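**Student:** Dropping the sequence and predicted coords here.
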Amino acid sequence: MSDYDSGDDLLADVNVDSLVATSKRARSEDEDEYHQGEQKQVCKRIKSQGNDAHHMALAHQILKERFGYGNFRHEQRSAIQSVLRGENTLVIFPTGAGKSLCYQIPAIAFEELDAESGGGRPDGSGITIVVSPLIALMKDQVDFLKLKGIPAECIDSTKTYEQQQETKAALREGRLRLLYCAPERLNNEGFVESMKYVPGGIRLIAVDEAHCISEWGHSFRPDYLKVARFAEEIKAERVICLTATATPRVADDVCEAFNIKESNVYRTSPYRPNLQLLAESVETKQDKYPRLFNFLHTYRGSTLVYVTLQKQAEALADDLQDQGFNAVAFHAGLKSEEKARIQDKFMASEIPIVVATIAFGMGIDKPDIRNIIHFDLSSTIEEYSQQIGRAGRDGLESHCIFYICPEDFYLRENFARGDLPSRDSLRGLLKEVFTQEVIDSTRGEGFKINQYQLSQDYDIRPSPLSILLATLELRFGLIRAITPEYSSYKYEATSKYGYFTKIEKTLAGKAIFNNAKKAVKLYDIDVTATARAIGMPRNDIVRRLNELNDMGALVLKVSGVQNRYRILKPLPQTDEEIDDLVDKLYADMESRETDALNRVQRVADLITGSKCFAHALAQHFGMGLPDGKTSCGHCTYCLTGKPVVLPPKPHRPVDISGINKILDACDVRDDPRFLARVAFGIKSPRVTRLKLDKIREFASLEDHDFDSLLKEFTRACDAAGREPNMQREPLVKRESKSARRSPTKRGLDAKRGSSSS
């Protein structure tokens with residue numbers, strides 16, 4: 001199953017209307033009175049817990065007995081106190097400073113405080129929901145909490161049917177204290193509605209990696225913007241946002257989104273006196289290798305070497321092995337088992353050197369990492385800060401060295417330039433999404449899109465396409481994302497398949513066996529058509545498929561996530577209206593490209609600036625060094641008294657001959673930005689589809705100025721009349737009434753809708 005959190009999984013089959021009605025019928029007269037004064041009772045509950053000294057005595061007891069720590073660190077105490085008062089809170093602690101305890105301890109404390117205050121609900125003490133983008137980290141934390149005897153679960157679409165049912169039962173019966181989920185889960189209407197009726201309510205929402213909320217943050221994720229709306233819709237009592245990398249501007253965005261007072265913002269400086277922040281500049285990339293080898297001979301111990309590309313990680317690890325070092329590569333392209341093996345061996349100090357992309361390090365809490373090496377230019381100061389924060393957590397001296405050369409900027413510009421589509425691509429995409437049939441739909445009706453196919457056909461990478469669709473939802477209010485679903489269901493029959501076809505008694509199961517069509521090896525089942533044929537909600541068919549999979553009758557294979565949206569207000573119809581929207585979207589995306597380039601430059605400015613590295617880093621996050629100092633005394637600038645000098649990037653006039661070779665090799669003339677990408681070596685969906693990344697001319701002008709290339713290719717396309725070459729088929733489907741689900745006890749009402757480098 002996918003980590004995408006499709007609607008065809010846990011809690012997607014909740015009937016919203018039935019859930020509300022059942023909840024109301026189940027109330028006794030006493031509970032009716034309670035719910036009528038619910039807000040008053042919540043206020044009483046929070047107000048009656050106003051004894052800070054008692055709160056913190058309990059928090060310290062939990063810290064010691066459940067987690068095995070003697071004392072709080074830094075601002076942990078103040079943050080926990082703020083949460084237990086019922087205040088919305090923002091925590092900005094550096095990597096490894098113990099952010100998770102700031103919500104785990106309150107999550108455990110609520111039940112005991114309720115009992116003491118007499119302000120508890122008759123149906124339980126509620127749960128804490130933890131929203132995090134990192135599925136692996138969520139699972140690790142849940143496993144850790146369970147070992148401590150703390151009831152916690154993680155919702156994701158890799159769960160088996162039995163696991164899903166157990167989680168639902170634990171939620172329904174009020175047995176959970178913490179529930180972890182990805183932000184994409186908030187598009188699942190069944191999940192959102194079910195959270196409104198959790199016994200005891202939602203006591204706390206913890207928003208991990210909260211900088212993702214801010215468009216000014218270094219890793220903006222549009223689904224994070226929906227977390228504040230979610231908190232309001234489910235009437236969460238309080239929210240805590242947590243991040244290691246929030247600049248003052250990002251912190252302001254988070255505070256505005258969640259109504260957090262400045263007095264409830266708790267910061268800890270990223271300064272670590274045991275870290276030596278070093279940097280060296282070289283003329284070429286090749287010059288970095290002897291410097292790196294010498295460094296590793298001089299400074300032994302567990303070491304992380306960060307690079308940008310997967311192939312770089314493999315190649316550099318091989319080079320280090322050739323030099324006699326015990327080094328391995330780590331990146332997202334490795335199999336899960338191999339990644340786990342490398343991580344375990346690194347943690348056990350059996351592998352001293354890991355050459356890694358950004359994929360390695362999240363959640364790594366190895367206290368004795370002695371060296372962090374940046375072999376490539378970091379994309380942001382925030383990324384650099386997070387990575388060096390993994391060194392020397394035991395307090396002993398550790399070294400963080402940054403190698404920089406002019407060539408580094410080409411690769412970073414390559415990444416930054418890849419996310420901005422052409423205006424024509426935006427215009428074509430909007431015209432396809434806003435078809436006449438969709439425009440004619442009544443407000444509240446839904447439509448589906450295949451986001452992967454849109455990305456391929458309009459040459460827009462998945463990440464900017466997600467941001468674009470979220471902008472239509474959150475800024476312009478035109479649509480709202482609802483529960484996604486899989487478009488393709490196939491299965492392989494097991495040895496038990498024949499037996500199950502004979503004993504199957506459920507209507508859904510019989511329909512599956514009768515309607516599945518066998519190809520060479522796999523059976524194909526049209527879930528929507530099957531449900532429609534027997535007048536049954538689609539989710540009943542999906543649920544039975546999952547049950548049969550878990551019982552061993554078949555091996556289910558799903559694919560093709562379809563995003564679904566509800567129309568909120570009239571959509572643009574005329575060319576003028578669409579062009580106006582295109583202009584606004586393009587300006588927004590162009591600004592993001594400029595921001596990405598500026599973030600890279602700020603990293604270089606920090607490394608080559610006339611200032612102490614540690615002081616400059618602290619200032620970036622709106623803080624300073626202890627005792628008002630302006631120098632650490634042991635970074636490269638403090639040790640030498642002069643800045644690192646970066647050799648100038650060589651200026652190259654536009655190679656007209658190279659331009660012509662690309663025009664000869666590629667007959668595309670509808671998009672000059674596309675041609676500039678080919679010249680610069682930037683992959684995109686269309687580049688891959690046309691196999692232009694395989695030709696000799698791909699990346700042949702990667703050392704040129706991108707804007708100069710764009711001007712030359714614009715002239716060429718204008719001279720050719722910009723004839724469009726892209727062939728597309730309709731990808732947007734309006735949901736027909738017959739395809740929508742009937743309201744039943746087990747299905748969502750039709751009007752509400754059916755996972756690094």
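**Tutor:** Arrived safely, thanks for sending. Predicted model, so just to flag it, every value in this text is computed and none were measured. Residues are numbered from 1 along each chain as shown.

**Student:** going forward, measure contacts and count neighbours with C-alpha atoms only.
**Tutor:** OK.

**Student:** Tell me, how many residues neighbour residue 176?
**Tutor:** When neighbours are defined as other C-alpha atoms under 10 Å, residue 176 has 21 of them.

**Student:** got the contact list for it?
**Tutor:** With contacts defined as C-alpha atoms under 8 Å, 6 or more residues apart in numbering, the neighbours of residue 176 are 127, 151, 152, 153, 170.

**Student:** so where is the protein shaky, pLDDT-wise?
**Tutor:** Applying pLDDT under 70 to the chain flags residues 1-50, 118-123, 157, 161, 215-218, 359, 361-363, 442, 444, 723-757.

**Student:** if I look at the most centrally placed residue in it, how far off is residue 508?
**Tutor:** Centroid check for the chain by C-alpha atoms, centre = their mean gives residue 133 as the closest residue, at 4.0 Å. Using C-alpha to C-alpha, to the nearest Å, we find residue 133 at a distance of 34 Å from residue 508.

**Student:** What about the contacts of residue 176, which are in strands?
**Tutor:** If you go by DSSP state E, the contacts of residue 176 have 127, 152, 153 in strands.

**Student:** now the first one, which residues is it bridged with?
**Tutor:** With DSSP bridges as the criterion, residue 127 is bridged to residue 202.

**Student:** from memory it sits against residue 196, does it?
**Tutor:** No. Look at residue 127 against residue 196 with C-alpha atoms under 8 Å: they stay out of range, at 11.3 Å.

**Student:** Overlap in contacts, those two.
**Tutor:** What both residue 127 and residue 196 touch, as defined by C-alpha under 8 Å, 6+ apart, is the set residue 202.

**Student:** When the two are compared, which one has more neighbours?
**Tutor:** When neighbours are counted by other C-alpha under 10 Å, residue 127 comes out ahead of the other of residue 127 and residue 196, with 28 against 17.

**Student:** mind giving me the domain ranges of the chain?
**Tutor:** The record assigns the chain these domain ranges, following automatic domain parsing: 51-267, 275-413+595-607+614-640, 435-571, 651-719.

**Student:** Quick one, which of the ones you listed gets closest to residue 424.
**Tutor:** domain 651-719 (7.7 Å; C-alpha to C-alpha).

**Student:** Ends of the closest one, what's the gap?
**Tutor:** With C-alpha to C-alpha as the measure, domain 651-719 spans 28 Å from end to end.

**Student:** just to revisit the earlier point, which of the contacts of residue 176 lies closest to residue 220?
**Tutor:** When the contacts of residue 176 are compared against residue 220 (criterion: C-alpha to C-alpha), the nearest one is residue 153, at 26.2 Å.

**Student:** Residue 566 and residue 448 touch, don't they?
**Tutor:** No. With contact defined as C-alpha under 8 Å, residue 566 does not reach residue 448; the gap is 9.1 Å.

**Student:** Scan the contacts of residue 176 and report the most crowded one.
**Tutor:** Highest neighbour count within the contacts of residue 176, by other C-alpha under 10 Å: residue 127, with 28 neighbours.

**Student:** How much space separates it from residue 173?
**Tutor:** Here the distance between residue 127 and residue 173 works out to 11 Å (C-alpha to C-alpha).

**Student:** For residue 621, grab the count of nearby residues.
**Tutor:** For residue 621, the tally of surrounding residues (other C-alpha under 10 Å) stands at 23.

**Student:** Please apply the same query to residue 551.
**Tutor:** For residue 551, the neighbour count with other C-alpha under 10 Å is 14.

**Student:** pretty sure residue 242 is in a helix, no?
**Tutor:** No. The assignment for residue 242, made by DSSP: H, G, I helix; E, B strand; the rest coil, is strand rather than a helix.

**Student:** Please give me every residue in contact with it.
**Tutor:** Residue 242 sits in contact with 90, 91, 92, 93, 99, 206, 207, 208, 209, 210, where contact means C-alpha under 8 Å, 6+ apart.

**Student:** before we move on, what about residue 577?
**Tutor:** Here residue 577 is in contact with no residue (C-alpha under 8 Å, 6+ apart).

**Student:** what helix or strand is it on?
**Tutor:** Element membership for residue 577, per DSSP states H and E: helix 575-608.

**Student:** Which strands and helices lie in contact with the next helix or strand after that helix?
**Tutor:** Moving toward the C-terminus from helix 575-608, the first helix or strand encountered (DSSP H and E) is helix 613-620. Contact here means 3 or more C-alpha pairs under 8 Å, 6 or more residues apart in numbering; DSSP states H and E; on that basis helix 613-620 packs against helix 575-608.

**Student:** Secondary structure element for the residue nearest to residue 408 when sequence neighbours are not counted, which one?
**Tutor:** With sequence-adjacent residues excluded and distances taken as C-alpha to C-alpha, 6 or more residues apart in numbering, residue 408 is closest to residue 377, at 5.8 Å. Under the criterion DSSP H and E, no helix or strand holds residue 377.

**Student:** Give me the neighbour count for residue 377.
**Tutor:** A count of nearby residues for residue 377, using other C-alpha under 10 Å, gives 24.

**Student:** residues in contact with it?
**Tutor:** Contacts for residue 377 (C-alpha under 8 Å, 6+ apart) come out as 402, 403, 404, 408, 409, 412, 600, 603, 604.

**Student:** could you measure the last one against residue 668, distance?
**Tutor:** Shown here: residue 604 relative to residue 668, a distance of 36 Å by C-alpha to C-alpha.

**Student:** Neighbour count for these two, which is higher?
**Tutor:** Higher neighbour count among residue 604 and residue 668: residue 604, with 21 against 18, using other C-alpha under 10 Å.

**Student:** ok, now how distant is the more buried one from residue 278?
**Tutor:** Separation of residue 604 from residue 278 (C-alpha to C-alpha): 13 Å.

**Student:** Mutual contacts of those two, please.
**Tutor:** Common contacts of residue 604 and residue 278 (C-alpha under 8 Å, 6+ apart): none found.

**Student:** Apart from its chain neighbours, what residue comes closest to residue 632?
**Tutor:** Leaving aside its chain neighbours, residue 632 sits nearest to residue 614 (6.3 Å; criterion: C-alpha to C-alpha, 6+ apart).

**Student:** what do you get for residue 491?
**Tutor:** Spatial nearest neighbour of residue 491, excluding adjacent residues (C-alpha to C-alpha, 6+ apart): residue 556 at 4.4 Å.

**Student:** how far is the helix or strand harbouring the one you found from where the chain is centred?
**Tutor:** In this structure, residue 556 sits in strand 554-567 according to DSSP H and E. Taking C-alpha atoms, centre = their mean, to the nearest Å, the mean C-alpha location of strand 554-567 is offset from the chain mean by 19 Å.

**Student:** And for the nearest residue to residue 268 once chain neighbours are set aside, the neighbour number?
**Tutor:** Spatial nearest neighbour of residue 268, chain neighbours left out: residue 93 (5.1 Å); criterion: C-alpha to C-alpha, 6+ apart. Using other C-alpha under 10 Å, residue 93 has 22 neighbouring residues.

**Student:** Same check on residue 656?
**Tutor:** Counted with other C-alpha under 10 Å, the neighbours of residue 656 add up to 11.

**Student:** just residue 517 next, same as before
**Tutor:** Residues contacting residue 517 under the criterion other C-alpha under 10 Å number 13.
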